[in-house]
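**Q** after the sequence you'll find the predicted model.
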Amino acid sequence: MSCLPKSVRIVEVGPRDGLQNEPVHVSTKDKVELVSLLGKAGLKNIEAAAFVSPKWVPKMADSAEVMAQIERLPGVIYPVLTPNKKGLDGAIAAQAQEIAVFGAASEAFSKANTNSTLDEVLNRAIPLVEQARAHGMKARGYISCCLGCPYEGATDPAKVLDVAIQLREMGCFEIVVSDTIGTGTPRQSAALIELLLPHIPVDEIAVHFHDTYGQALANVYACMELGVSVVDSSIAGLGGCPYAKGASGNLATEDLLYMLDGLGIESGVSMDRILDASAFISGVLGRPPASKAGQALLAKRKG
């Protein structure tokens, strides 16, 4: 039975997950400005940085500077990615309110992404979550490759459930079901959520879709029909996946917001202000936004 939520919380991942996979280097100043514009648009969750090795993720080398320079608006949370103890130390020093840890539903992807087995990744996350909570921070748990893997092909839904339960048991307040390479379809997406629901409360499930095959919005809608009300998106459709050939960016925030507004679902986010952010970062990158709604509405602005 369809059960669309009355409101949806958008988690903006453009400044981190988006920019780290863009070919163009973005200055600290421009990252800070982007975060500011997103906050002024009404977004309450803006993934701002990643405390990761600059050797492996050079685009996030200035994360400490970004976190030090952003204006922290009242009621806005700025999560950071922390894959290990060093990353957590950076998050603590930056006074982050929330961290993200991750696992994968694919052993091969885990090896390629972290050079570790899935068990090693999850075991490493346990003390990170414990220490984060001891410092008053919440932890969000991402599961990569929930609907397909670039190395293994189709993902076993039972593996997603297993990782989700482990992340929840270690203390993650929210489990993010991620279609990292964007191969999922609405029926697959809904079936996976239905599998999780007897074990994970719907208000603890979030979704993160890439739009490689143009299915991201349809997948979100299918999940919302089951009561999911937390959705990741990326301004201007920024991002991709370095481990998945041809994988395009995340679901664009403009496209998601356009759909939510059309459905009468509250988000607290201003489309006009979101377009400001989209135009800004697209100008920095020297290309139009990947968002269909963004392109159309920005063209309308120009008359």
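**A** That came through, no problem. In this text, all values refer to a predicted model and were calculated from it rather than measured experimentally. Numbering: from 1, shown residues only.

**Q** just name the shakiest helix or strand of the protein by mean pLDDT.
**A** helix 107-114 (a mean of 82; mean pLDDT, DSSP states H and E).

**Q** list the buried residues in that one.
**A** Neighbour counts over helix 107-114 (16 or more other Cβ atoms under 10 Å) mark Glu107, Ala108, Phe109, Ser110, Lys111, Ala112, Asn113, Thr114 as buried. C-beta: built from backbone N, CA, C; applies to glycine.

**Q** what ranges does the stretch 201-303 of the chain have for its helices?
**A** Using DSSP state H, counting those that start in this stretch, the helices found in the stretch 201-303 of the chain span residues 216-224, 253-263, 271-285, 292-302.

**Q** please identify the deepest-packed of those.
**A** Ranked by mean neighbour count under mean count of other Cβ atoms under 10 Å, these are led by helix 216-224, which reaches a mean of 23.

**Q** packing partners of it?
**A** Secondary-structure packing of helix 216-224 (3 or more Cβ pairs under 8 Å, 6 or more residues apart in numbering; DSSP states H and E): strand 174-179, helix 186-196, strand 205-209, strand 230-233, helix 253-263.

**Q** give me that answer again for 7 Å
**A** Applying 3 or more Cβ pairs under 7 Å, 6 or more residues apart in numbering; DSSP states H and E, we find helix 216-224 packed against helix 186-196, strand 205-209, helix 253-263.

**Q** now that helix against strand 174-179, angle please.
**A** Angle, helix 216-224 to strand 174-179, by axes from the mean of the first three to the mean of the last three Cα atoms, to 10 degrees: 140 degrees.

**Q** send the alpha carbons of helix 216-224 over as CSV?
**A** Presented in CSV, the C-alpha positions along helix 216-224 are these (Å, rounded to 0.1, in the frame of the first residue of the first chain):
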residue,chain,number,x,y,z
ALA,A,216,17.3,7.6,-9.3
LEU,A,217,14.1,9.7,-9.0
ALA,A,218,11.8,6.7,-9.8
ASN,A,219,13.8,4.6,-7.2
VAL,A,220,13.3,7.3,-4.6
TYR,A,221,9.6,7.5,-5.3
ALA,A,222,9.3,3.7,-4.9
CYS,A,223,11.0,3.9,-1.6
MET,A,224,8.9,6.8,-0.4
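
**Q** neighbouring contacts of it?
**A** 4-5, 179, 182, 184, 186, 189-190, 193, 207, 209-210, 231, 251, 255-256, 259 (Cβ atoms under 7 Å, 6 or more residues apart in numbering).

**Q** three-state assignment of the spatially closest residue to Thr212 that is not a sequence neighbour?
**A** Using Cβ to Cβ, 6 or more residues apart in numbering and skipping residues adjacent in sequence, the residue nearest Thr212 is Gly182, 3.0 Å away. Assigned with DSSP: H, G, I helix; E, B strand; the rest coil, Gly182 falls in the coil class.
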